[in-house]
Every structure is written in C-alpha cells, then in structure tokens.
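Undergrad: Build me a structure from this.
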Amino acid sequence: QLQLVESGGGLVMPGGSLRLTCTASGFALDTYAIGWFRQAPGKERERVVCIDSRGRSTDYAEFARGRFTISRDNIKNAVYLQLNSLSLEDTAVYSCAGKRTDYYCSESPHWYDSWGQGTQITVSS
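TA: As a prediction, this is how the structure comes out:
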C-alpha cells in the first residue's frame with residue numbers, strides 16, 4: 001500500500017512562503033495522481049490542487065491559483081507544494097493523497113485511497 005508522509009509545515013508570518021513535501025514509500029510514485037487538501041479548524045476539508053502521475057496536468061482551487069504551485073519529482077518519489085503570499089486564512093492542516101491512475105487527477109477527496117497524516121501550517125503575525 002502506498003504510504004505518504006507530508007513535511008515542511010510550520011509557523012509563518014502573513015505574506016511568507018513555505019514548501020511542503022509529500023514523500024511516498026511502498027510504491028513508485030510515477031503511477032499515482034496526487035492531490036493536496038487542507039482542513040482548517042471547524043471547517044470541512046477542501047481541495048487545494050492535484051497533479052496527474054506524470055506532472056502534465058494540474059488542477060488548482062481558485063484560492064490557490066497564482067499563489068501555490070504543485071510539482072513532482074518522480075525520481076525522488078516526491079510531490080511538492082510551494083505556497084507563497086500566505087494569509088491567515090491559509091492556516092490549516094495540509095494533507096496529500098494518492099490514487100494509482102494515469103492522465104487524470106480529481107478534486108474530490110473521496111477519489112483518493114491513500115492519505116498522509118498531514119502537516120500543520122499556521123499563518124500568524
């Protein structure tokens with residue numbers, strides 16, 4: 001079973017940047033679509049962005065477009081999420097999720113079958 005581990009979260013000031021990493025083990029990541037999701041306290045989980053297995057297709061949530069960038073390095077078995085211009089509203093637990101498929105990724109969290117534990121991002125002055 002694909003195992004995913006997120007890293008790179010932390011405390012950052014408004015306007016700051018972070019880079020999250022989703023590292024896979026158990027299987028080669030190059031056959032898996034990966035999605036990033038976040039959940040803030042008292043709110044439902046929402047999608048951030050996803051990327052297909054080869055990195056040719058991405059799908060960003062509106063709030064993420066222009067500020068966040070997803071990329072992947074299948075040789076390193078990792079997917080990255082660069083977050084810029086962070087605001088208080090970006091405070092949440094960020095999780096990556098995977099599903100084995102080609103040429104597609106989904107905005108729905110229910111589509112994915114492997115999840116990491118999440119990493120906390122706190123944006124505060």
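Undergrad: Excluding chain neighbours, give the residue nearest to the residue most central in space within the chain in space.
TA: Nearest residue to the geometric centre of the chain (CA atoms, centre = their mean): residue 36, 2.6 Å. Of all residues not flanking residue 36 in the chain, residue 48 sits nearest, at 4.2 Å (CB to CB, 6 or more residues apart in numbering). The C-beta positions use only the backbone N, C-alpha and C, and glycine is treated the same way.
Undergrad: if we can go back for a sec, please report the distance of the residue nearest to the centre of the chain from residue 2.
TA: 15 Å (CB to CB, to the nearest Å).
Undergrad: And the residue nearest to residue 36, how far from residue 125?
TA: Distance of residue 48 to residue 125, given as CB to CB: 23 Å.
Undergrad: Give me the more crowded residue out of the two.
TA: When neighbours are counted by other CB atoms under 10 Å, residue 48 and residue 125 differ, and residue 48 comes out ahead with 25 against 6.
Undergrad: Test my guess that the more buried one contacts residue 81.
TA: Yes - in this structure, residue 48 is within contact of residue 81 by CB atoms under 8 Å, at 7.1 Å.
Undergrad: what sits in contact with each of the two?
TA: Counting by CB atoms under 8 Å, 6 or more residues apart in numbering, the contacts common to residue 48 and residue 81 are 36, 68, 94.
Undergrad: Pairing partners for the nearest residue to the last one once chain neighbours are set aside in the sheet, please.
TA: Taking CB to CB, 6+ apart, and ignoring the residues beside it in sequence, residue 94 has residue 38 as its nearest neighbour in space, at 4.8 Å. Taking DSSP bridges as the rule, residue 38 bridges to residue 46, residue 94.
Undergrad: ok, residue 38 touching residue 91?
TA: No - Residue 38 lies out of contact with residue 91 (CB under 8 Å); the separation is 9.1 Å.
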